[in-house]
Structure formats: structure tokens, C-alpha cells
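**Q** Here is a sequence with its predicted model. Questions after.
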Amino acid sequence: MSAPSGHLPALAAAVLQPGFVGTTPPPWVCRWLGEGLGSVVLFARNVVDSAQVAALTATLRAERPDVIVAIDEEAGDVTRIESVHGSSRPGNFALGAVDDPELTEAVARDLGVELAAAGVTLDYAPDADVNSNPANPVIGVRSFGADPALVARHTAAWVRGLQDGGVAACAKHFPGHGDTRVDSHHDLPRITADRDRLDACELAPFRAAVAAGVQAVMTGHLLVPALDPQLPATLSHRILGGLLRDEMGFSGVVVTDAVEMRAVADRYGFAGAAVRALAAGADAICVGGERADEHAARELRDAIVAAVVSGDLPEERLAEAAKRVGQLAAWTVAARTARSARARGDAAVGLVAARRAVRVTSAGAGTVALPLTRAAHVVEFEPPRNIAIGAETPWGIGVPLAELLPGTSAVRYAEPDVPADPGAGAGGRPLVLVVRDLHRHDWMRAAVQRALATRPDAVVVELGVPELVTGAVHLATHGATRASGQAAAEVLTGAR
């Protein structure tokens with residue numbers, strides 16, 4: 001089915017950033033690119049390896065040379081380009097723990113070079129949220145930390161590095177998703193801070209991103225009464241226009257978080273949220289993490305056109321949004337052209353950074369002997385999945401530790417499966433207990449305490465936020481990426 005005639009459907013398609021299913025572009029995406037579609041977004045389901053992604057993006061550019069190809073790649077626990085194996089780089093929290101902005105910039109530049117080589121032109125990163133609430137269920141190690149100044153300097157470094165690597169950065173989730181106990185995938189978070197607190201904390205990293213020249217900012221589906229008591233940020237002209245544009249001086253593209261997320265879709269409708277976001281000042285509508293077909297894209301396009309016809313969405317506002325998307329597309333074309341003159345990425349920098357992020361705390365000298373010198377037993381406790389992290393992405397210590405200590409065994413328990421004595425399978429071997437955000441899960445804390453009661457010599461390895469340090473020897477990696485797991489295994493065995 002072709003697009004309706006006239007210029008409005010092309011303008012509406014220009015502001016959409018839809019996802020799709022498959023490792024090659026489906027016919028509808030190629031057809032839409034010829035009808036005005038300006039962008040697409042890739043997820044793990046679209047990725048086999050870098051060569052395949054390069055072929056995919058080449059097919060897209062054959063239809064539209066300046067198409068924006070976005071990806072949600074944080075180079076940490078949230079990875080799409082390395083979802084099958086886990087990220088070879090540490091995430092933001094690990095980089096914040098090291099607190100070397102030059103290292104952060106180098107890691108981001110290395111990622112930018114890799115993504116640019118694969119034909120990706122826009123990355124929905126960095127996460128600029130200040131993780132000031134340790135109970136946050138969706139940000140956690142995706143943040144550089146809980147200190148606004150630290151998050152600001154590393155956000156700026158990440159933006160500089162990624163964009164120097166040839167890919168546009170997109171700071172998220174404006175105006176800040178860190179101080180919440182609610183995941184906006186499921187419901188609408190409410191940020192209760194007053195304006196002074198917002199200025200001092202949540203907004204500081206976004207100001208740093210703007211100052212660093214960030215090309216895009218992604219909205220958070222967040223109700224922030226100090227800024228707008230009625231509408232979530234994605235749908236608020238006060239926040240997108242008054243704050244982000246007028247006060248903070250941002251002139252790039254405002255991208256929404258996925259409009260099918262329940263925080264907005266349950267209240268305003270799938271298409272209604274998209275129309276309201278554009279009217280509020282958003283320029284690009286991200287969709288397709290969960291609704292990734294032509295029907296969803298058509299529903300949004302047609303709703304945008306209908307809103308212009310009815311007067312609910314001024315045509316000037318839609319044209320402005322499409323113009324900004326076009327300006328970003330031009331930036332990405334220029335960046336691709338200049339990429340050949342850039343320094344190559346440093347493939348080793350990810351593991352180097354992960355190694356520097358490991359922290360060891362010893363509370364019982366002489367109780368636990370490190371390094372481990374013989375095969376161990378690893379017990380990994382699996383929390384409920386953070387929906388932002390792909391279910392297919394591997395994590396853990398068992399595999400890399402077995403490579404260094406052959407004969408090492410591993411078992412993984414979710415809450416319903418934990419036995420009375422989780423460490424019983426170790427026998428007389430060294431026991432390693434692996435947790436993620438131990439402080440947030442009562443069942444996990446109870447299981448670890450039972451294991452430590454019978455094996456006080458067990459080593460605890462925290463792959464999440466180390467808010468709760470327990471055990472005679474505690475290792476914190478500040479993330480669960482493949483690189484972080486490898487770095488922890490090296491510390492456990494004394495390999496480095």
C-alpha cells in the first residue's frame with residue numbers, strides 16, 4: 001500500500017524512527033524510505049554481527065543515502081551490537097567508578113568507530129541520568145553514578161568520544177530518570193524534586209551534554225511536577241520548549257523514548273502520545289521496540305496527518321521537526337564522509353577500562369585466600385530482568401572463571417529455585433557467589449546470608465550497584481558486561 005498523496009504524509013514519515021523485524025530490511029521499510037521516512041532504529045533482533053549490520057545499512061542507504069540509522073547501544077549491560085556475546089566494553093557505572101574522563105572518551109570513541117563502520121549514524125546514548133536513588137529498577141549501572149558533577153563530566157566525555165568516532169550521540173532520559181522507583185516501560189514515574197534540586201542534580205549532565213555539542217536528546221516519560229504538574233516530559237511544551245530549548249539552548253533533535261511504553265501509551269494512546277509529543281516540541285518519534293511492523297508505523301503516520309488536518313498539530317511545528325531531522329541527517333552524512341580521516345578505535349580499551357573498574361573489599365583478613373588456585377564452584381543469583389537489557393545478553397562469572405580455572409562449575413538460581421543451602425554444591429572447593437544489585441532483592445540477600453553462614457570463606461562478586469557490601473571478600477565490577485566478567489575472573493585468579 002502506498003502512502004496517501006500530498007506532502008503531509010512525507011512530513012509525518014520524516015519524523016518517525018521505526019524499528020522492524022529481521023536481519024535485512026523488509027520491503028515496507030525500503031518502500032517508506034522512498035516516501036519520506038527519515039530514520040530507522042535497530043535492536044538486537046536486527047543484529048548478527050558487524051558485517052551483517054553493514055550490509056543491512058548499505059541496503060537502507062541505497063534507498064535513501066541520508067537515512068538516519070539509530071541503535072540503542074550503551075556499550076554496557078544494554079548492548080545491541082554485541083547482544084549475542086555481551087559487551088566487550090564496560091558500561092557507564094564502571095567508567096564513573098574509574099573517574100577518568102579521558103578513558104571514558106576513548107571507550108566511547110572506540111564504540112563510535114565500530115558503529116560508524118557498520119553504517120550506524122545515531123546512538124541512543126549516553127545515559128545521562130544521575131542514579132541518586134539506589135532502588136531505581138531500570139537505571140542503576142546504566143548511569144555514571146550518583147554524583148551530579150561526576151555524571152556531567154563523563155556524559156560530556158562520552159558525547160565527545162562517540163561523535164569524534166563518527167556517530168551522533170543522544171543524551172537520555174531528559175530531564176532525568178535517576179530518582180525513581182518506577183520503570184517507565186511499565187508505569188509513569190514521578191520525580192518529586194523541587195526546581196533547585198533538579199538544577200543541581202538531574203539537569204546538570206544534560207547541560208554538560210549540550211555544551212559538548214550533543215546532536216540529540218531523548219525524552220523520558222516522566223512526570224516532574226516542579227516543571228509541569230500535569231504532563232509527562234515527553235508531552236510537555238514547558239519542558240521540551242521552555243526548559244530544553246529556551247533555557248538550556250539546545251538546538252538539535254529531540255527524540256522521544258519509545259511511544260509504545262506504558263507510561264504514555266496507557267494514558268494517551270499509542271498514536272495520541274506521538275501527536276502530543278510532536279506538538280510539545282519533540283522532533284522524532286521512536287517506536288518499534290515492541291511494535292515493529294508497518295501497521296504501527298502507518299498508524300502513527302496517519303494520526304500525525306489527521307492531527308495537522310484537524311488543527312491539533314500545527315503544520316509549522318511538524319515542518320520544523322522534519323527540518324531538524326534533516327539537519328541531523330546532514331550531520332551524519334558529513335560525519336561518515338570524514339570518518340576515513342579519523343584515528344582508528346582501540347579494541348583493547350574496553351577490557352582495560354573494565355579491569356580498572358574492579359574494586360575489592362576485604363572484611364576478614366586471612367579468611368579468604370585470593371587468588372584462587374583450584375577449580376571453584378560459582379553460584380549466580382538471577383534477579384528479574386530489567387526490560388532495557390536484552391534477555392539474550394549473557395552475563396556472569398562462571399564461564400570466564402572456568403577458562404582460567406578448568407573444572408570450575410557454575411549454577412544459576414532465580415528466586416523460586418534457590419535451595420536452602422545455595423553453596424552446598426561446592427563441597428570443599430572455593431565458593432563464589434555472584435549477585436546483581438544485592439541491595440534491591442530481599443530473597444537474594446537471604447540466600448547469600450545462608451550461603452555465607454555455612455561458607456564464610458565464600459567470595460561475593462557484585463555485578464550491579466555495590467550499595468550493600470557483604471562477605472569476607474567482596475568484588476565489585478560495576479556492571480555485568482562480558483568485559484566486566486572477564487576482569488573479575490582475572491582478579492579472582494590473579495591472572496593480572
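**A** Yep, that arrived. Numbering: from 1, shown residues only.
**Q** pLDDT value on the spatially closest residue to residue 243 that is not a sequence neighbour, please?
**A** Residue nearest to residue 243 in three dimensions, not counting chain neighbours: residue 227, with 6.3 Å by C-beta to C-beta, 6 or more residues apart in numbering. C-beta coordinates here come from the backbone N, C-alpha and C atoms, glycine included. For residue 227, the pLDDT comes out at 97.
**Q** Name all residues that make contact with residue 227.
**A** By C-beta atoms under 8 Å, 6 or more residues apart in numbering, residue 227 lies in contact with 175, 195, 198, 233, 236, 238, 239, 243.
**Q** Which one of the residues you listed is nearest to residue 257?
**A** Closest approach between those and residue 257, by C-beta to C-beta: residue 233, at 9.3 Å.
**Q** So the closest one versus residue 239, what's the distance?
**A** Remark: distance between residue 233 and residue 239 (C-beta to C-beta, to the nearest Å) = 5 Å.
**Q** which one of these two has more residues nearby?
**A** Taking neighbours as other C-beta atoms under 10 Å, residue 233 and residue 239 compare with residue 233 leading, 30 against 24.
**Q** That one reaches residue 217, doesn't it?
**A** No - applying C-beta atoms under 8 Å as the test, residue 233 and residue 217 come out as separate, 10.7 Å apart.
**Q** What segments of the chain are strands?
**A** 16-18, 39-42, 68-71, 122-123, 168-174, 216-219, 253-255, 285-287, 359-362, 377-382, 409-414, 431-435, 459-462, 473-476 (DSSP state E).
**Q** want to throw those strands into a markdown table with mean neighbour count?
**A** Output for the strands of the chain, formatted as a markdown table (neighbours: other C-beta atoms under 10 Å):
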| stretch | mean neighbour count |
| --- | --- |
| strand 16-18 | 26 |
| strand 39-42 | 27 |
| strand 68-71 | 25 |
| strand 122-123 | 28 |
| strand 168-174 | 27 |
| strand 216-219 | 26 |
| strand 253-255 | 28 |
| strand 285-287 | 26 |
| strand 359-362 | 14 |
| strand 377-382 | 23 |
| strand 409-414 | 15 |
| strand 431-435 | 27 |
| strand 459-462 | 26 |
| strand 473-476 | 23 |
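**Q** got those strands as CSV, with distance to residue 141 and mean pLDDT columns?
**A** Compiled in CSV, those are given as follows (distance: least, C-beta to C-beta, whole Å; pLDDT from 0 to 100):
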stretch, distance to residue 141, mean pLDDT
strand 16-18, 26, 98
strand 39-42, 22, 98
strand 68-71, 19, 98
strand 122-123, 18, 98
strand 168-174, 15, 97
strand 216-219, 18, 98
strand 253-255, 23, 98
strand 285-287, 22, 96
strand 359-362, 13, 94
strand 377-382, 16, 98
strand 409-414, 19, 98
strand 431-435, 13, 98
strand 459-462, 10, 98
strand 473-476, 10, 97
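**Q** Any chance of CSV for those strands, columns distance to residue 328?
**A** As requested, the strands of the chain are arranged in CSV below (distance: least, C-beta to C-beta, whole Å):
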stretch, distance to residue 328
strand 16-18, 11
strand 39-42, 9
strand 68-71, 6
strand 122-123, 7
strand 168-174, 6
strand 216-219, 7
strand 253-255, 5
strand 285-287, 13
strand 359-362, 39
strand 377-382, 39
strand 409-414, 42
strand 431-435, 41
strand 459-462, 39
strand 473-476, 38
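**Q** Good, we can wrap up now.
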